[in-house]
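Student: kindly generate the corresponding structure for this input.
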Amino acid sequence: MAKVLLKELAYARSGDKGDVSNIGLMAKTRGIYEYLVKAVTPERVRELFKGMIKGAVEIYPVPNLDSLEVVLRRALGGGATCTLRFDQTGKSMCMALLRLELDVDEKLLEEARKADKELIERSKAS
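Tutor: Model prediction:
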């Protein structure tokens, strides 16, 4: 087992609607997705954000995209027009989530590295 940051296994993008931040978490492979469904829990996400989230943490699987939709309610200090937070619209919430530490089997970590290499090669060919 290896201790890694979530950024080694997935990509993420976040946004907002009012005081709700949503994070799309996209696994690098199907095998990693299956691991993330079990490893990324509302409790772990809440702990990572330590008090920033005042409402519910909901995680919805999106298996056809090997992704998770993470919804953080009451997470933006009231929303863009009400908050004093530096990131009023939650655009950086995905980067914070990617700092979640996970214990991962070496095989999954190697799978992620292989997926990264393949993506780089495909982009060079374009």
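Student: for the longest helix along the chain, name the packing helices and strands.
Tutor: Ordering each helix of the chain by length in residues (DSSP state H) puts helix 106-125 first. Applying 3 or more CB pairs under 8 Å, 6 or more residues apart in numbering; DSSP states H and E, we find helix 106-125 packed against strand 2-5, helix 30-39. No exception for glycine: its C-beta is placed from N, CA and C like everyone else's.
Student: determine which of those approaches Y11 most closely.
Tutor: helix 30-39 (10.8 Å; CB to CB).
Student: quick one: buried residues of the closest one?
Tutor: For helix 30-39, burial by neighbour count (16 or more other CB atoms under 10 Å) applies to G31, I32, Y33, Y35, L36.
Student: closest one of those to S126?
Tutor: Using CB to CB, the buried residues of helix 30-39 come closest to S126 at I32, 23.8 Å.
Student: thinking again about what came up before, dump the buried residues of helix 30-39 into CSV; add pLDDT and distance to L108 as well.
Tutor: Putting those into CSV (pLDDT from 0 to 100; distance: CB to CB, whole Å) gives the following:
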residue, pLDDT, distance to L108
G31, 97, 6
I32, 98, 6
Y33, 98, 10
Y35, 98, 6
L36, 98, 10
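Student: can you add distance to R74 and give the residues you listed back as CSV?
Tutor: Listed next are the buried residues of helix 30-39 as CSV, based on distance: CB to CB, whole Å:
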residue, distance to R74
G31, 34
I32, 30
Y33, 28
Y35, 29
L36, 24
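Student: list just the nearest of those to D66.
Tutor: Within these, the smallest distance to D66 is 3.8 Å, found for Y33 (CB to CB).
Student: what about P63, neighbour count?
Tutor: As a burial measure, P63 scores 11 neighbours (other CB atoms under 10 Å).
Student: grab the nearest non-local neighbour of it.
Tutor: Closest residue to P63 apart from its sequence neighbours, by CB to CB, 6 or more residues apart in numbering: Y33 at 7.3 Å.
Student: now for that neighbour: which residues touch it?
Tutor: A27, P63, D66, S67, L68 (CB atoms under 8 Å, 6 or more residues apart in numbering).
Student: the fourth one touches G24, doesn't it?
Tutor: Yes - S67 is in contact with G24 according to CB atoms under 8 Å; the separation is 6.0 Å.
Student: no more questions from me, cheers.
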